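Chemist: A predicted structure for the sequence below; I have some questions about it.
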Amino acid sequence: MTNANNANTGARIVLEPGRVGLADLRRIHEGGATLELHPDSQAALQASQAAVRHIVDAGATVYGINTGFGKLASTRIPPQRLAELQRNLVISHSVGTGEPLPHAVVRLVLATKAISLARGHSGVRPELVGALLALHNAGIVPRIPSKGSVGASGDLAPLAHLACVLIGEGSAATPEGQTISGREAMQRIGLEPFVLGPKEGLALLNGTQVSTALGLAGLFGAERLLAAGLVSGALSLEAIQGSVKPFDARIHAARGQAGQIAVAGAMRALLDGSQIVTSHANCGRVQDPYSVRCIPQVMGACLDNLAHAARVLATEANAASDNPLVFDNGDVISGGNFHAEPVAFASDIIALAVAEIGAISERRLALLLDSGLSGLPPFLVEDGGVNSGFMIAQVTAAALASENKSHAHPASVDSLPTSANQEDHVSMATYAGRRLADMVGNTAVVLGIEAMAGAQGMELKRGPKSSPLIEAEFARLRSKVAFLDKDRYLADDIEAMKQWALTSDWPKAVECILPSYQ
């Protein structure tokens, strides 16, 4: 839940483990919020830590508390070496590689790890959870390499790099962009590095928080792409003077697919009041190509995919996903909640949606450039031949749409065994989520080029005005890129339109159908 202040300008978000919603997770990703833990969480944290302490004091042997890990689980560790065990676990697992995860993703990792531990099934001190939130609130971002996790048993390597900062190892970035040591990061939040107690290192490392954060980042990007795709589709429809009859509510109610119904409604709202639509009501045009006529069917299916992924990821962001888990009667049970298969599936279907949003957009762009189908000048430029217009911009769009087809291959169908075959089936959820950033960027370029071309087509035929919403989007677009009256350097325009596609400022008629805005 969030207080009344704007969550992007320093709002306070109170994390109630098990009940943190998508809207708050999106605000955490966007940055600027201050996090605190719901006070009711303290009792569960203290009870689970007491249960772990009782096991140690009683001399019982329990996996993860006083044993080795993975294939070494049968090795009992004496009490005087438990702190060494937990520290060695963290530093031995800090073997990630690659570029650091983006700060926005790490903010989500810090928040979701705090939520997971605060469920009270992990046996850690409340102070550890407080330190995670303090790092977030100070804008100090642990350096987490992006590669090295197979998504079971949890995101071990990346979460070890997070845990390193808590014990004064590793490194972090400051709000000013400086790289500082883990020890200095702890000093900046007024804490000494932790000496980890029984199970605390394992609880920090086990879990799906990195895979989940990457999936959430992909989801939030895909939502913006879907919104941009509806706007760019409406611009293209107006440019070719296409029909709005395929958006009739009765058609979509007859099929009953929820996403399709919602998208058709959004398209009707975007185009409501268009003088362009009424100006060609009796033109005799029977049907538009599928890329225009079937916007509700294709984009609606994408929306349904995103809605399902959103439910899975919201659940996982609130989940206790380490191992073993501590229960309120003192039982400590070893299971497999660290296996990120649900997250991998969610990221895979987000990838399908992102690829299809770009694929249908590229086809509308090709339609706009084909004078035989669009009725517009070839490649949307006057004095063709001397000018190439949008010809090669469409090649860029085609290249990126095709690249996304390869990226969209499911990551979750792959698995390689690890830990001497103890961990013999893994999810690959971390890669599944990580590749979404590239896909979102590719599709944003495709949509940006289509929107620029749609506006160009509208201007080449300028007569009656479009709807108020589309005219507002046309004006916003023109504030970023000018009409193409002759060939010019387009790379900067394409970058500007990529950022247009990644904006979160869309008409309410579109935003209201997106999962994290509901």
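Modeler: Sure thing, it's come through.
Chemist: pLDDT below threshold where in the chain?
Modeler: Scanning the chain for pLDDT under 70 picks out 1-10, 70, 282-284, 286.
Chemist: center of it, which residue is that?
Modeler: For the chain, Ala217 is the residue whose C-alpha lies nearest the centre (CA atoms, centre = their mean; 1.9 Å).
Chemist: Let me see the contact set for that one.
Modeler: 29, 102, 104-105, 108, 433, 436-437 (CB atoms under 8 Å, 6 or more residues apart in numbering). Using the backbone N, CA and C atoms, a C-beta is placed for each residue, glycine as well.
Chemist: With Gly68 instead?
Modeler: By CB under 8 Å, 6+ apart, the contact set of Gly68 is 74-75, 77, 85.
Chemist: Format the residues you listed as JSON lines; extra columns: secondary structure and neighbour count.
Modeler: Shown next, in JSON lines, are the contacts of Gly68 (DSSP: H, G, I helix; E, B strand; the rest coil; neighbours: other CB atoms under 10 Å):
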{"residue": "Ser74", "secondary structure": "coil", "neighbour count": "9"}
{"residue": "Thr75", "secondary structure": "coil", "neighbour count": "11"}
{"residue": "Ile77", "secondary structure": "coil", "neighbour count": "17"}
{"residue": "Leu85", "secondary structure": "helix", "neighbour count": "21"}
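Chemist: Go through those and name the one nearest Glu36.
Modeler: Nearest to Glu36 among these, counting by CB to CB, is Leu85 at 31.6 Å.
Chemist: pretty sure that closest one contacts Thr75?
Modeler: No: the pair formed by Leu85 and Thr75 falls short of the contact definition of CB atoms under 8 Å, at 9.9 Å.
Chemist: does the residue nearest to the centre of the chain sit in a helix or strand, and which one?
Modeler: helix 209-239 (DSSP states H and E).
Chemist: about what we covered before: could you flag which of the contacts of Ala217 are buried?
Modeler: Buried by 16 or more other CB atoms under 10 Å: 29, 102, 104-105, 108, 433, 436-437, out of those.
Chemist: export those to JSON lines and tack on distance to Ser479?
Modeler: Shown next, in JSON lines, are those (distance: CB to CB, whole Å):
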{"residue": "His29", "distance to Ser479": "26"}
{"residue": "Pro102", "distance to Ser479": "27"}
{"residue": "Ala104", "distance to Ser479": "26"}
{"residue": "Val105", "distance to Ser479": "30"}
{"residue": "Leu108", "distance to Ser479": "32"}
{"residue": "Gly433", "distance to Ser479": "34"}
{"residue": "Leu436", "distance to Ser479": "29"}
{"residue": "Ala437", "distance to Ser479": "27"}
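Chemist: Output those residues in TSV, with secondary structure and distance to Val263 appended to each entry.
Modeler: Formatted as TSV, those follow (DSSP: H, G, I helix; E, B strand; the rest coil; distance: CB to CB, whole Å):
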residue	secondary structure	distance to Val263
His29	helix	24
Pro102	coil	29
Ala104	helix	27
Val105	helix	28
Leu108	helix	28
Gly433	helix	25
Leu436	helix	21
Ala437	helix	25
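Chemist: wait, which of the residues you listed is closest to Leu490?
Modeler: The closest of the buried ones among the contacts of Ala217, once distances to Leu490 are taken by CB to CB, is Ala437, at 23.9 Å.
Chemist: if I pick that closest one, what's in contact with it?
Modeler: With contact set as CB under 8 Å, 6+ apart, Ala437 has these partners: 102, 214, 217-218, 221.
Chemist: still on that earlier bit, after the helix holding Ala217, next one along is what?
Modeler: Next element after helix 209-239 (DSSP H and E): helix 249-255.
Chemist: got the buried residues for that next one?
Modeler: Those would be His252, for helix 249-255 by 16+ other CB under 10 Å.
Chemist: can you list contacts of that helix?
Modeler: For helix 249-255, the external contacting residues (CB under 8 Å, 6+ apart) are 260-261, 264-265, 268, 296, 300.
Chemist: Let me have those in JSON lines, adding secondary structure and neighbour count as columns.
Modeler: As requested, the contacts of helix 249-255 are arranged in JSON lines below (three-state DSSP; neighbours: other CB under 10 Å):
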{"residue": "Gln260", "secondary structure": "helix", "neighbour count": "23"}
{"residue": "Ile261", "secondary structure": "helix", "neighbour count": "19"}
{"residue": "Ala264", "secondary structure": "helix", "neighbour count": "26"}
{"residue": "Gly265", "secondary structure": "helix", "neighbour count": "17"}
{"residue": "Arg268", "secondary structure": "helix", "neighbour count": "16"}
{"residue": "Pro296", "secondary structure": "helix", "neighbour count": "28"}
{"residue": "Gly300", "secondary structure": "helix", "neighbour count": "24"}
